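*Asks:* Turn this into a model:
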Amino acid sequence: MANPKSSPRVLNRAFDRSASPVYLVSADFEITYANPACGQWCETTLEQILGVKCVFSSLPSNAILDKINGLCPPPTHFEPDATSSTAPRSFTASAITANGNTSWKSAWTFQLLDADEKLLGLLVLCDPLTLESPPEPKPESANLLPETLHTQLAEIHAISNHTHSLESLAGSSSFSVQCLKRVTAAIQCDADLLITGPPGSGKEHFARVIHSARKPERNIDLLPIHCAIADQKLIQQRIKEITNEISSSGKISHAPIWLLLLDIDHLAPAAQSELLGFLELPEFPLRTIGTSTLSQDELITSSQFSTELANHLGVMVINMVPLIERIEDIPLLSQALLERDNNHRKKQLSGFAEETLQLFLEFNWPENIDQLNRTIQLAGLNADSTLIQPKDLPDEFQQSLKAMRIGTSKETKINLDEFLRGVEEELIARAMRESKGNKAKAASLLGISRPKLLRRLQNFDNPLQRPDQQASPTDEIDSSAFEELE
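*Replies:* Now for the predicted structure:
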């Protein structure tokens with residue numbers, strides 16, 4: 001009889017000889033085993049893979065994680081299956097090769113349980129054949145599934161081949177496509193850059209990403225100046241500190257000094273003149289990346305802003321738009337923000353329930369990407385499964401959505417003068433009918449004098465000639481009101 005202890009060794013030897021990539025992922029997402037075929041597919045050594053925690057994220061992180069994050073099964077595969085805990089589940093695994101290309105394979109996961117049916121991890125078996133591209137989702141509703149959005153993000157990352165974080169541009173809208181081209185162009189040159197857009201659109205994030213991706217060996221740190229609180233003296237002091245720091249650190253003298261001018265449209269006029277003076281010094285290698293709520297054209301035409309400075313700042317311009325103007329990007333953008341946070345949170349999340357994304361698509365996002373990001377982070381803390389459900393969304397979002405729905409509902413306008421005129425006219429008409437045209441008696445029923453009634457009758461159509469069928473605001477008034485007048 002075979003020794004039971006030898007079974008795992010026999011199984012390992014069988015997997016080691018397999019031409020298909022095979023690996024084990026523990027319940028806490030650590031890769032505890034990988035066969036040689038898996039190492040060959042990832043074009044790395046097994047020592048670099050084993051013991052590393054993979055993350056369900058298609059966004060760039062570092063060289064090793066970029067290679068193995070594509071191996072991470074969706075977190076939903078770690079949860080019990082409603083139909084069968086032993087049935088395999090499929091997903092598309094990926095690996096990034098040495099030349100930066102992405103290789104796709106069909107994969108299946110099998111849950112490994114202990115005697116108490118507690119999850120130990122997942123066994124992942126991959127097809128030996130490499131796919132040219134991820135398979136297209138069949139049903140239309142699958143376009144909002146987390147696995148589909150995750151694969152689309154991985155494709156975008158593979159096509160753009162960026163090693164820096166641009167999750168705010170995730171999407172297929174014309175804005176995202178064009179803005180990605182502008183960002184790529186900005187990265188490839190050292191020109192002064194102006195990023196404009198509404199609050200919360202991620203202007204500072206883009207500025208820092210672009211700077212970090214520009215030939216880092218030639219540039220020093222991006223040094224921020226908050227223009228809303230900067231005056232002439234602060235500009236002088238800040239630039240003096242920068243030059244002294246460069247001189248004392250021994251950094252390359254010809255490297256440009258990069259300033260991050262936050263909210264440049266709020267810079268005081270005197271400080272604008274001081275900054276422009278430094279920028280125009282030929283021997284002073286000062287470069288800027290500015291952010292502004294106003295567009296460059298608005299800065300140029302503004303009486304409060306220097307036209308020369310506005311032209312100097314905007315050698316290259318990237319215009320961000322409100323999130324509501326790129327509403328079709330929200331599903332993919334939400335998935336990208338969620339997966340970015342998977343790199344930092346203990347619990348891995350797969351994505352969003354379709355009902356949650358429908359609420360996101362309905363909302364108007366007045367605070368733009370910042371608000372979306374904050375909502376996703378809070379919902380992730382509330383989630384008790386790997387999918388964010390509508391009930392997980394924070395109270396702030398729920399209340400704002402409710403207020404938005406009320407505000408956008410059809411309003412019924414009431415003209416008070418016209419309404420009161422109609423009420424008065426109908427009461428006089430009823431009084432005239434009760435009195436059979438006797439104006440003195442009608443005035444008595446109404447509790448007013450006869451002359452006063454005559455004056456009011458002159459302002460109205462003859463109440464006795466009004467059709468009884470005509471709708472009136474007082475149709476529901478109890479006739480006992482007239483009895484009390486008598």
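*Asks:* Can you tell me which helices and strands the one helix or strand Lys240 maps to packs against?
*Replies:* Taking DSSP states H and E as the definition, Lys240 sits inside helix 232-249. Helix 232-249 is packed against strand 222-226, strand 257-262, helix 269-279, with contacts defined by 3 or more CB pairs under 8 Å, 6 or more residues apart in numbering; DSSP states H and E. Heads up, the C-betas are built off the backbone N, CA and C, glycines and all.
*Asks:* 6 Å instead?
*Replies:* helix 269-279 (3 or more CB pairs under 6 Å, 6 or more residues apart in numbering; DSSP states H and E).
*Asks:* what is the mean pLDDT for the helix it packs on?
*Replies:* For helix 269-279, mean pLDDT is 91.
*Asks:* Tell me the buried residues in the next helix or strand after that helix?
*Replies:* Once the chain leaves helix 269-279, the next helix or strand it forms, by DSSP H and E, is strand 286-292. Within strand 286-292, the residues scored as buried using 16 or more other CB atoms under 10 Å are 286-292.
*Asks:* residue boundaries of the strands in the stretch 251-400 of the chain?
*Replies:* Taking DSSP state E, counting those that start in this stretch, the strands of the stretch 251-400 of the chain run over residues 257-262, 286-292, 316-319, 351-352, 387-388.
*Asks:* Can I get the longest one in PDB, CA atoms only?
*Replies:* Right, the one you point to is strand 286-292. Output in PDB follows, covering the C-alpha atoms of strand 286-292 (Å, rounded to 0.1, in the frame of the first residue of the first chain):
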ATOM      1  CA  LEU A 286      13.600  77.000 -13.800                       C
ATOM      2  CA  ARG A 287      10.700  74.900 -15.200                       C
ATOM      3  CA  THR A 288       7.100  74.700 -14.100                       C
ATOM      4  CA  ILE A 289       4.200  72.400 -14.000                       C
ATOM      5  CA  GLY A 290       1.100  74.400 -13.000                       C
ATOM      6  CA  THR A 291      -2.500  73.500 -12.200                       C
ATOM      7  CA  SER A 292      -5.400  75.800 -12.700                       C
END
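*Asks:* Just send the strands of the stretch 251-400 of the chain back as JSON lines, with distance to Ser103 and mean pLDDT too.
*Replies:* As requested, these are exported to JSON lines (distance: least, CB to CB, whole Å; pLDDT from 0 to 100):
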{"stretch": "strand 257-262", "distance to Ser103": "37", "mean pLDDT": "89"}
{"stretch": "strand 286-292", "distance to Ser103": "36", "mean pLDDT": "91"}
{"stretch": "strand 316-319", "distance to Ser103": "33", "mean pLDDT": "93"}
{"stretch": "strand 351-352", "distance to Ser103": "23", "mean pLDDT": "94"}
{"stretch": "strand 387-388", "distance to Ser103": "28", "mean pLDDT": "95"}
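*Asks:* So which of the buried residues of strand 286-292 is the closest to Gln348?
*Replies:* Nearest to Gln348 among the buried residues of strand 286-292 is Thr291, at 33.2 Å by CB to CB.
*Asks:* got the residue ranges for the strands in the stretch 1-150 of the chain?
*Replies:* Under DSSP E, counting those that start in this stretch, the stretch 1-150 of the chain gives strands at 22-26, 31-34, 89-96, 102-113, 119-126.
*Asks:* how about JSON lines for these, with mean neighbour count, distance to Ile327 and mean pLDDT added?
*Replies:* What follows is these, written out as JSON lines (neighbours: other CB atoms under 10 Å; distance: least, CB to CB, whole Å; pLDDT from 0 to 100):
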{"stretch": "strand 22-26", "mean neighbour count": "22", "distance to Ile327": "36", "mean pLDDT": "95"}
{"stretch": "strand 31-34", "mean neighbour count": "20", "distance to Ile327": "38", "mean pLDDT": "94"}
{"stretch": "strand 89-96", "mean neighbour count": "21", "distance to Ile327": "27", "mean pLDDT": "88"}
{"stretch": "strand 102-113", "mean neighbour count": "19", "distance to Ile327": "28", "mean pLDDT": "91"}
{"stretch": "strand 119-126", "mean neighbour count": "20", "distance to Ile327": "36", "mean pLDDT": "94"}
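*Asks:* Determine which of those strands approaches Thr243 most closely.
*Replies:* Closest among the strands of the stretch 1-150 of the chain, using CB to CB: strand 89-96, at 41.8 Å.
*Asks:* Just checking: what are the partner strands of that closest one?
*Replies:* Paired neighbours of strand 89-96 in the sheet (DSSP bridges): strand 102-113 (antiparallel).
*Asks:* Could you report the separation of the closest residue to Tyr33 other than its chain neighbours from Lys347?
*Replies:* Excluding its sequence neighbours, the residue lying closest to Tyr33 (CB to CB, 6 or more residues apart in numbering) is Leu24, at 4.1 Å. Here the distance between Leu24 and Lys347 works out to 20 Å (CB to CB, to the nearest Å).
*Asks:* Local confidence estimate at the nearest residue to Ser292 once chain neighbours are set aside?
*Replies:* Spatially, and ignoring its direct neighbours in sequence, Ser292 is nearest to Asp265 (4.3 Å; CB to CB, 6+ apart). Per-residue pLDDT puts Asp265 at 95.
*Asks:* what do you get for Leu223?
*Replies:* 85.
*Asks:* which regions of the stretch 201-350 of the chain lie under the pLDDT threshold?
*Replies:* Filtered on pLDDT under 70, the stretch 201-350 of the chain yields the residue ranges 215-220, 245-255.
*Asks:* Tell me how many other residues surround Leu11.
*Replies:* Neighbourhood size, Leu11 [other CB atoms under 10 Å]: 12.
*Asks:* Quick check: the two most widely separated of the buried residues of strand 286-292?
*Replies:* So, these by CB to CB: farthest apart are Leu286 and Ser292, at 18.2 Å.
*Asks:* now the residue lying closest to Asp28 once chain neighbours are set aside: how far from Ala27?
*Replies:* Spatial nearest neighbour of Asp28, excluding adjacent residues (CB to CB, 6+ apart): Lys53 at 7.1 Å. Between Lys53 and Ala27 the computed distance is 11 Å (CB to CB).
*Asks:* so where is the stretch 351-486 of the chain shaky, pLDDT-wise?
*Replies:* Along the stretch 351-486 of the chain, the parts satisfying pLDDT under 70 run over 408-414, 461-486.
*Asks:* okay, now Asp417: neighbour count?
*Replies:* Asp417 has 7 nearby residues by other CB under 10 Å.
*Asks:* Actually, Gln296.
*Replies:* For Gln296, using other CB under 10 Å, the count is 17.
*Asks:* Run a quick neighbour tally on the closest residue to Glu354 other than its chain neighbours.
*Replies:* If the residues on either side of it in the chain are set aside, Glu354 comes closest to Leu144, at 4.9 Å by CB to CB, 6+ apart. Other residues near Leu144 come to 21 when the count uses other CB under 10 Å.
*Asks:* Then Lys181?
*Replies:* As a burial measure, Lys181 scores 10 neighbours (other CB under 10 Å).
*Asks:* Averaged pLDDT, the strand or helix carrying it. What do you get?
*Replies:* Assigned by DSSP H and E, Lys181 belongs to helix 174-187. The pLDDT scores in helix 174-187 average 87.
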